[in-house]
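Colleague: Okay, predicted coordinates and the sequence, questions at the end:
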Amino acid sequence: MGKKSGERKGKKAPRKRNRVKKSSLYEAKEGRLERKRTPCPKCGAGVFMAEHENRMSCGKCGYTKWKK
Ligand SMILES: [Zn+2]
């Protein structure tokens with residue numbers, strides 16, 4: 001009798017969940033976000049404006065820039 005019978009006791013190889021796919025998704029997402037960000041002209045480059053359907057607004061000073 002060999003030790004091969006031990007395999008039947010349920011000790012299978014540990015599952016390997018690959019997280020590589022997830023991290024690649026995040027990268028694409030961040031790249032998209034950075035492209036859309038527009039700095040507020042009143043607050044400076046450190047403050048970005050929120051993107052809306054037809055306008056952009058600054059959450060800090062309330063400045064709104066309408067899209068044409
Ligand atoms: Zn602002």
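Modeller: Now that the structure is in, tell me what you want to look at. Residues are numbered from 1 along each chain as shown.
Colleague: near the ion, which residues of the chain?
Modeller: Cys40, Lys42, Cys43, Cys58, Lys60, Cys61, Tyr63 (Cβ under 5 Å from the ion). Where you see a C-beta, it was placed from the backbone N, CA and C, and this is true even at glycine.
Colleague: could you dump those to JSON lines with secondary structure and pLDDT?
Modeller: Shown next, in JSON lines, are the residues of the chain next to the ion (DSSP: H, G, I helix; E, B strand; the rest coil; pLDDT from 0 to 100):
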{"residue": "Cys40", "secondary structure": "strand", "pLDDT": "94"}
{"residue": "Lys42", "secondary structure": "coil", "pLDDT": "96"}
{"residue": "Cys43", "secondary structure": "coil", "pLDDT": "96"}
{"residue": "Cys58", "secondary structure": "strand", "pLDDT": "95"}
{"residue": "Lys60", "secondary structure": "coil", "pLDDT": "95"}
{"residue": "Cys61", "secondary structure": "coil", "pLDDT": "97"}
{"residue": "Tyr63", "secondary structure": "coil", "pLDDT": "96"}
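Colleague: so who does the spatially closest residue to Asn54 that is not a sequence neighbour touch?
Modeller: Spatial nearest neighbour of Asn54, excluding adjacent residues (Cβ to Cβ, 6 or more residues apart in numbering): Lys67 at 5.4 Å. Applying Cβ atoms under 8 Å, 6 or more residues apart in numbering to Lys67 gives the contacts Asn54, Arg55, Met56.
Colleague: Who wins on neighbours among the residues of the chain next to the ion?
Modeller: Greatest neighbour count in these, by other Cβ atoms under 10 Å, goes to Cys40: 21 neighbours.
Colleague: For the spatially closest residue to it that is not a sequence neighbour, give its distance to Lys65.
Modeller: Closest residue in space to Cys40, ignoring its immediate chain neighbours: Cys58 at 4.1 Å, by Cβ to Cβ, 6+ apart. Counting by Cβ to Cβ, to the nearest Å, the gap from Cys58 to Lys65 is 8 Å.
Colleague: which of the contacts of Lys67 lies closest to Pro14?
Modeller: Met56 (48.8 Å; Cβ to Cβ).
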